[in-house]
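[1] With the input below, show me the fold.
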Amino acid sequence: MELSAELLILLFVTGLLAGMVDAIAGGGGLIALPALLATGMPPTQALATNKLQGSFGTFSSSLYFIRNDLIKLGELKLMIACTFVGAVAGTLVVQRISTQFLAGIIPLLLIGMALYFLLSPTISDEHRNARITPWLFSLTVGFGVGFYDGFFGPGAGSFFAIGFVGLLGFGLTRATAHTKVLNLTSNLASLSFFILSGHVVWSIGLIMGVGQLIGARFGARLVLKRGVRLIRPMIVLVCILISAKLLLENYPALLAWSGLTQH
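    Now for the predicted structure:
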């Protein structure tokens, strides 16, 4: 692809903004994916390239949180392993099964999560008692959300965050930090298959990746400084935007799937 200087700058800035938003609340793909599609590349290449540039952002924010002692990687080994296996399984399954059903269900779940983060008085930076063990969390949330991210993707970060808060009792800032590590894991799992299939547009992905590195670092710093006051409204906004996007894009397909329209 021929890339003008103006397009290169726009892609870099898009990556920077997507990385910052993703580090705070997830949903950076809402910003990055439309920009990739606007370059004229096919959807499969756009999805593959999005995984590449997004991996830079999740790596940057994860590293920042690790260095600031919000994450201890030794305690996440099983979660990382289960998330990776789930994402690989989801990436393989999505090639054989339609995603129309998920396109109808996920917006409802995301709206429910938005209401939970908006209205629940228990959402804070305070650590509470866990409801399940980390081992069970790894096998259920780690594998399940990893599978979902490889299979479909939108809102995976929000699902991880609510799992850490609601099931392991993490404060929201710590939950956000741990979410980035598992997001990075599922991104790399899916990216490995896209690389093998030759769908990644490296020139664009690397340019946006540099922006992601910078934006994610800035977003991670904001998470530590502002905590729940910043993360909570951002997660609510991202959940609503993803829900609206999925409903607008898939409404005709959902009608067809439900049998309400005639082909």
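[2] can you tell me the average pLDDT over the helix or strand where Leu136 lies?
    Per DSSP states H and E, Leu136 falls inside helix 134-137. In this model, helix 134-137 has a mean pLDDT of 96.
[3] Could you list every helix and strand in contact with that helix?
    Here helix 134-137 touches helix 77-93, going by 3 or more Cβ pairs under 8 Å, 6 or more residues apart in numbering; DSSP states H and E. For the C-beta atoms, the positions are set from N, CA and C on the backbone; glycine is no exception.
[4] distance between the next helix or strand after the helix it packs on and the chain's centre?
    For helix 77-93, the succeeding helix or strand toward the C-terminus, using DSSP H and E, is helix 100-119. When distances are taken as Cα atoms, centre = their mean, to the nearest Å, helix 100-119 is centred 15 Å away from the chain's centroid.
[5] Return the list of helices and strands in contact with helix 100-119.
    helix 156-166, helix 228-258.
[6] just checking, next helix/strand downstream of the first one?
    Proceeding C-terminally, helix 156-166 gives way to helix 172-197 as the next helix or strand, assigned by DSSP H and E.
[7] and the end-to-end length of stretch 117-133?
    23 Å (Cα to Cα, to the nearest Å).
[8] before we move on, the earlier item: using TSV, please lay out the helices and strands packed on helix 100-119 together with distance to Val145, mean neighbour count and mean pLDDT.
    Output for those, formatted as TSV (distance: least, Cβ to Cβ, whole Å; neighbours: other Cβ atoms under 10 Å; pLDDT from 0 to 100):
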stretch	distance to Val145	mean neighbour count	mean pLDDT
helix 156-166	5	25	90
helix 228-258	14	17	76
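[9] mind giving me TSV with these and columns for distance to Leu3?
    Putting the helices and strands packed on helix 100-119 into TSV (distance: least, Cβ to Cβ, whole Å) gives the following:
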stretch	distance to Leu3
helix 156-166	29
helix 228-258	26
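[10] Figure out which of those is closest to Ala25.
    helix 228-258 (3.6 Å; Cβ to Cβ).
[11] thinking again about what came up before, list the buried residues in the helix holding Leu136.
    Going by neighbour count (16 or more other Cβ atoms under 10 Å), the buried part of helix 134-137 is Phe137.
[12] again with stretch 13-25
    14-25.
[13] what's the answer for stretch 141-159, then?
    Quick answer for stretch 141-159 (16+ other Cβ under 10 Å): 141-159.
[14] before we move on, back to that, the next helix or strand after the helix holding Leu136 packs against which elements?
    Once helix 134-137 ends, the next helix or strand along the chain (criterion: DSSP H and E) is helix 143-151. The helices and strands touching helix 143-151, judged by 3+ Cβ pairs under 8 Å, 6+ apart, are helix 77-93, helix 156-166, helix 172-197.
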